[in-house]
Structures are given as structure tokens and as C-alpha cells.
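Chemist: Could you work out the structure for the sequence below:
(one chain, ligands or ions: 1)
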Amino acid sequence: MMDSHYFDEIDSTNELAKSWDLKKVFTLLSTKRQTQGHGQRGRAWSAPQGNLSFSLIWKEPTIPLSDRARISLVTGVSLVLTLSEYTPGMLSLKWPNDLFLNGKKVSGILVEGFQDRVIIGIGINLNSQLEDLPIELQKNSETFFHVLNKKLSEEEVLEKLTINLIGHLSSLSQGHWDDLMKDYSKYSCLINKKVQLEDGRRGVVAGFGHEGELIFQDESKSSPESIVSGSVFLEK
Ligand code: BTN
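Modeler: I've put the predicted structure just below:
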């Protein structure tokens with residue numbers, strides 16, 4: 001059911017995933033060193049040596065097009081559940097798809113639809129030192145190595161994550177979205193927290209809507225509104 005390929009160094013596993021000749025329903029492309037990684041919204045994603053960068057390609061996904069947006073939230077759930085084994089009680093999800101360790105970003109997700117496939121790209125600050133990351137990211141980033149003071153097996157983490165993620169994707173295609181969203185909410189670090197939107201508005205996160213949209217209660221308005229995309233910043 002799954003094809004797996006490892007590269008010592010590669011520009012971007014998500015880019016390679018676009019031209020990869022798919023033989024199975026799921027294909028995993030992974031590397032310990034990615035030189036030209038893409039992040040959300042056209043940003044770069046820095047992946048120094050020791051970090052994990054991979055893309056799981058789902059060929060002809062058996063879910064309706066309208067459900068595709070759900071994949072990145074489900075991927076977050078899968079990351080938090082799998083990686084909690086190593087850092088129990090320390091991981092949370094920051095909407096829409098950042099994984100936080102001790103309140104700082106430790107992993108990012110970039111899901112892209114391309115022709116016959118969905119590409120789920122994941123980058124994890126696993127075995128790098130904080131100082132290996134670009135200086136401007138160090139303040140708000142975390143790495144598993146920095147917290148645990150020991151290296152984790154990249155192969156083991158990758159295997160566990162892939163198995164768990166494929167399981168969650170099949171749950172999604174079997175219609176278990178509501179349960180997955182319950183887990184998402186459970187691990188969210190935003191519920192009932194004061195946040196600021198990109199446009200500077202301040203308010204509180206009341207929860208998530210049925211499609212995973214953020215329910216935002218502006219401090220100067222009486223009724224909440226749904227935010228479907230963008231970033232939010234936790235108020236200190
Ligand atoms: C983000 O938080 O901005 C998303 C980061 C996603 C990075 C991963 S690393 C593997 C895959 N290949 C890429 O070029 N990007 C994703």
C-alpha cells in the first residue's frame with residue numbers, strides 16, 4: 001500500500017512529490033536535509049541537518065474535493081498524538097496547522113493538491129539545536145532535541161508518524177471528521193485564549209466551526225465570527 005524513498009539531501013520533498021511517478025496509493029519521500037523547503041504562504045522553511053522533512057503523497061484520494069481542506073487539520077492531530085509519546089503533555093496545535101512544543105513552533109505542515117494527488121508536507125525540528133535555525137526564528141521556535149537533550153531516531157519517528165497519519169486519513173475518508181475535530185479542539189492551544197488577528201483586531205477564540213474554521217469573538221463586538229484562513233497570534 002505504501003512506497004517509501006529516502007534521500008540524503010534534496011531541495012524540497014513537496015516539489016519532488018509533484019513529478020513523482022506514483023505506483024501505490026501512498027508514497028513517502030523523506031530526507032534529513034532539505035535545502036529549498038517551502039512553508040505556508042510562500043515562505044521558506046529552513047531544515048538544518050537532523051530535522052525531519054517528508055511528504056506523504058496520497059494518490060487519487062477517496063474523499064470529496066470539498067473535504068481536502070480538512071487534511072491539514074487531521075495531519076496536525078496525527079502529529080500531536082504520535083509525538084506526545086516523546087513529550088507527553090507538552091504539545092499543542094496552533095490553528096490552523098502549526099505544532100507547538102512548550103508554546104513554540106516545532107513543526108509545520110504544508111498540504112498541496114496537485115493533479116491526481118494530495119501532497120502532505122511535514123517539517124519537524126527534531127534533532128537540531130535551536131542555534132541551527134535562522135536567528136530570527138529562534139525566539140519563537142523549539143526543537144525536540146533542545147527539550148529532551150537527546151536525539152530521537154529519525155527512522156522510528158517517521159515510521160510511527162506515517163502509520164498514524166495513514167490511519168487518520170482513512171478515518172477521514174470513512175466519515176469520522178467530527179471525532180477528528182474533537183481531538184483537534186482538545187489539543188488546540190487557542191481555545192478561550194486572547195489572540196490578535198493579522199489585521200490587528202483583538203479578541204478571544206471561542207472554538208472551531210464544523211469545517212475547522214476559527215470562531216473569533218472580537219472584543220468590541222457582540223457576536224462571534226468565523227475566520228477561515230490566516231494567522232492568529234497569542235497575546236502574552
Ligand atoms: C509551515 O509551517 O510554513 C509549513 C512548513 C512545511 C515544511 C515541509 S518540509 C517537507 C515539505 N517540503 C517542503 O518544501 N515543505 C514541506
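
Chemist: Buried ones in the longest helix belonging to the chain, by neighbour count?
Modeler: Among all segments of the chain classified by DSSP state H, the helix with the greatest residue count is helix 154-173. Residues of helix 154-173 classed as buried under the neighbour-count rule (16 or more other CB atoms under 10 Å) are 154, 157-158, 160-162, 164-166, 168-169, 171-172. For every residue, glycine as well, the C-beta is placed using N, CA and C.

Chemist: helices or strands up against that helix?
Modeler: Helix 154-173 is packed against strand 2-7, strand 26-31, strand 52-59, helix 70-83, strand 117-124, helix 177-187, with contacts defined by 3 or more CB pairs under 8 Å, 6 or more residues apart in numbering; DSSP states H and E.

Chemist: for Leu165, what are its contacts?
Modeler: With contacts defined as CB atoms under 8 Å, 6 or more residues apart in numbering, Leu165 is in contact with Leu56, Thr75, Ser78, Thr82, Ile120.

Chemist: ugh, wrong one, I meant Leu16
Modeler: Counting by CB under 8 Å, 6+ apart, Leu16 touches Ile10, Leu29, Ser55.

Chemist: and it, that's in a helix?
Modeler: Yes - assigned with DSSP: H, G, I helix; E, B strand; the rest coil, Leu16 falls within a helix.

Chemist: What's the nearest residue in the chain when you look at the ligand?
Modeler: Across the chain, the shortest distance to the ligand (CB to the nearest ligand atom) belongs to Gly108, at 2.1 Å.

Chemist: Quick check: bridge partners of that residue?
Modeler: The partner list for Gly108 in beta bridges (DSSP bridges) reads Asp98, Gly123.

Chemist: Give me the neighbour count for it.
Modeler: Neighbouring residues of Gly108 were enumerated by other CB atoms under 10 Å; the total is 22.
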